[in-house]
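Colleague: have a look at this fold, sequence not included:
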Ligand code: 5AD
Ligand code: SF4
């Protein structure tokens, strides 16, 4: 049987999708090239904002139309955060779904597919427990295909309970994988040709996995261990919570060249009043101190961030403070979102919800400034050289695309580099979200 996995949302979801793909291939299923060609369709879902959840329901509608037109039998699985968080609703709105698996149950995918095929059972709700311990131990140890730049989930779940966020409900409590398990996985990826690894965690700086000696190991120590692996050229980690970034991490960036000088450090808002209502547990002043400390050890550290506009109670003055913060820090890149009320979260029931029109207006103002900063950051490299790790062929002949150490997308058209090469590139021009260059 041929399968296809559609992944929504964050990098941790992509990682989970890839691990499900490994499990299905190991069980003898084959990849399909398109939705039409597949008989097993897996939607690995995201519920961080309402739009992400709704995307699933419109895709399930599309699949229903496909099923109605065909005489073939289909198996439909919904996995990931929507399965965990809104599994009952999925079954009610789309009763043609056969399998529901929360993010901590994805290792069961092949077994559930086998079971559904044998018994023609449908709509079994399995999502319940939210402990990641089992999942990693039981996922396939066999990797079938890997990219030059890869991911390893090292920490999952979150104990922070920011008042807007569903992650603690969808992914569960914080859990860290053992050091040995992570190193083994990294070695396996390197053997398959990966040159860059990004460590993933919802609160990655809170990593506290068991080391070989039985002692707890923190993120900085784990990074030092991974930096020793032969064949690995670049290391990154996301997502950092400003409250947990310490001097030891900043020093690790200074000591280890393999640690890329770029960091995703979401601030969310630039007003202390809003940050407090978000339960972010830091102030603007503390965030700025953190930035200063990072740049003390690594003056070229490129910072990216996430922002939410229109959080309940956000006044024009609060929003203005976000703009001032942006002007102070100067981000190399950023993601910004309209606040989206999520079920079960504290902020969803707060008074003073902001009208959509105000959210949209604020988002536009913020994005214009963030785009301008990204352009300025990129333009500052014209005529200079950057180390680029080439990860894939470009759209046109002889084109190759990769990432600089500062996480910028860089394209060259020389036709002499190959996927996996790290090459010095002289930047010749900048586009909206990428750089063009030639081999130096
Ligand atoms: N509404 C809007 N944005 C959100 N994020 C998380 N929850 C919400 C929400 N309810 C954003 C935050 C986070 C990023 C992954 O998604 O900025 O850092
Ligand atoms: Fe959500 Fe906050 Fe945890 Fe990030 S730190 S996953 S925003 S609860």
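Modeller: Happy to help now that I have it. This is a predicted model, so every value here is computed, not measured. Residues are numbered from 1 along each chain as shown. Ligands and ions are numbered 1, 2, ... in the order given.
Colleague: where do the helices sit along the stretch 201-350 of the chain?
Modeller: The residue ranges that make up the helices of the stretch 201-350 of the chain, judged by DSSP state H, counting those that start in this stretch, are 219-227, 247-255, 272-277, 284-297, 316-329.
Colleague: okay if I get these as CSV plus mean pLDDT, distance to residue 33 and mean neighbour count?
Modeller: Where you see a C-beta, it was placed from the backbone N, CA and C, and this is true even at glycine. CSV is the format used below for these (pLDDT from 0 to 100; distance: least, Cβ to Cβ, whole Å; neighbours: other Cβ atoms under 10 Å):
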stretch, mean pLDDT, distance to residue 33, mean neighbour count
helix 219-227, 96, 35, 20
helix 247-255, 94, 42, 17
helix 272-277, 98, 46, 19
helix 284-297, 97, 44, 17
helix 316-329, 98, 43, 16
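Colleague: I'd like these as JSON lines, with distance to ligand 1 appended.
Modeller: Below are those laid out as JSON lines (distance: least, Cβ to the nearest ligand atom, whole Å):
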{"stretch": "helix 219-227", "distance to ligand 1": "18"}
{"stretch": "helix 247-255", "distance to ligand 1": "19"}
{"stretch": "helix 272-277", "distance to ligand 1": "12"}
{"stretch": "helix 284-297", "distance to ligand 1": "14"}
{"stretch": "helix 316-329", "distance to ligand 1": "12"}
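Colleague: those: which one's closest to ligand 2?
Modeller: In terms of Cβ to the nearest ligand atom, the element of the helices of the stretch 201-350 of the chain nearest to ligand 2 is helix 272-277, at 11.5 Å.
Colleague: list of residues touching that closest one?
Modeller: Outside helix 272-277, the residues within contact range by Cβ atoms under 8 Å, 6 or more residues apart in numbering are 163, 268-269, 282-284, 311-314, 318, 347, 350.
Colleague: so which of these comes closest to ligand 1?
Modeller: Ligand 1 has its nearest neighbour among those in residue 268, at 5.5 Å by Cβ to the nearest ligand atom.
Colleague: ok, the closest one - contacts?
Modeller: With contact set as Cβ under 8 Å, 6+ apart, residue 268 has these partners: 162, 274, 275, 278, 280, 306, 307, 308, 311.
Colleague: counting only strands, which of the residues you listed make the cut?
Modeller: Restricting these to those inside strands, with DSSP state E as the criterion, leaves 306, 307, 308.
Colleague: ok, of those residues, which come out buried?
Modeller: 307, 308 (16 or more other Cβ atoms under 10 Å).
Colleague: could you pull out the strands in the stretch 101-250 of the chain for me?
Modeller: Counting by DSSP state E, counting those that start in this stretch, the stretch 101-250 of the chain forms strands over residues 124-125, 149-153, 155-156, 175-176, 196-200, 208-210, 216-218, 234-238, given from the N-terminal end onward.
Colleague: which other helices and strands does the fourth one contact?
Modeller: I take that to be strand 175-176. Where contact means 3 or more Cβ pairs under 8 Å, 6 or more residues apart in numbering; DSSP states H and E, strand 175-176 is packed against strand 155-156, strand 208-210.
Colleague: deepest-packed of those strands, please.
Modeller: Mean neighbour count, computed with mean count of other Cβ atoms under 10 Å, is highest for strand 155-156 among the helices and strands packed on strand 175-176, reaching a mean of 27.
Colleague: if we can go back for a sec, ligand 1 next: which of the ones in strands among the contacts of residue 268 are close?
Modeller: The overlap between these and the neighbours of ligand 1 (Cβ under 6 Å from any ligand atom) comes to 306, 308.
Colleague: for the ones in strands among the contacts of residue 268, which one is nearest ligand 2?
Modeller: Closest to ligand 2 out of the ones in strands among the contacts of residue 268 is residue 306 (8.1 Å), distances taken as Cβ to the nearest ligand atom.
Colleague: that closest one against residue 331, yeah?
Modeller: No. Residue 306 sits out of contact with residue 331 when judged by Cβ atoms under 8 Å, with a separation of 10.2 Å.
Colleague: quick one: name the residues of the stretch 51-200 of the chain near ligand 1.
Modeller: Taking Cβ under 6 Å from any ligand atom as the measure of proximity, the stretch 51-200 of the chain contacts ligand 1 at 164, 165.
Colleague: where does the stretch 51-200 of the chain have low pLDDT?
Modeller: The stretch 51-200 of the chain contains residues with pLDDT under 70 at 120-133.
Colleague: how about the helices in it?
Modeller: Counting by DSSP H, counting those that start in this stretch, the helices of the stretch 51-200 of the chain are 81-93, 109-119, 133-138, 167-170, 179-191.
Colleague: for residue 227, which of those is the nearest?
Modeller: helix 179-191 (10.6 Å; Cβ to Cβ).
Colleague: report the buried residues of that closest one.
Modeller: Buried residues in helix 179-191, defined by neighbour count with 16+ other Cβ under 10 Å: 179, 182, 183, 185, 186, 188, 189, 190.
Colleague: list just the nearest of the residues you listed to residue 156.
Modeller: Distances from these to residue 156 were compared by Cβ to Cβ; the smallest belongs to residue 182, at 12.4 Å.
Colleague: wait, isn't that closest one in contact with residue 207?
Modeller: No. Counting by Cβ under 8 Å, residue 182 sits too far from residue 207 to count as a contact (9.4 Å).
Colleague: hey, what's in contact with both of those two?
Modeller: Counting by Cβ under 8 Å, 6+ apart, the shared contacts of residue 182 and residue 207 are 154, 199, 222.
Colleague: so residue 217 is in contact with residue 209, correct?
Modeller: Yes. Distance between residue 217 and residue 209: 5.5 Å, which falls inside the contact criterion (Cβ under 8 Å).
Colleague: and for the two, which residues touch both?
Modeller: Residues touching both residue 217 and residue 209 comprise residue 179, with contact defined as Cβ under 8 Å, 6+ apart.
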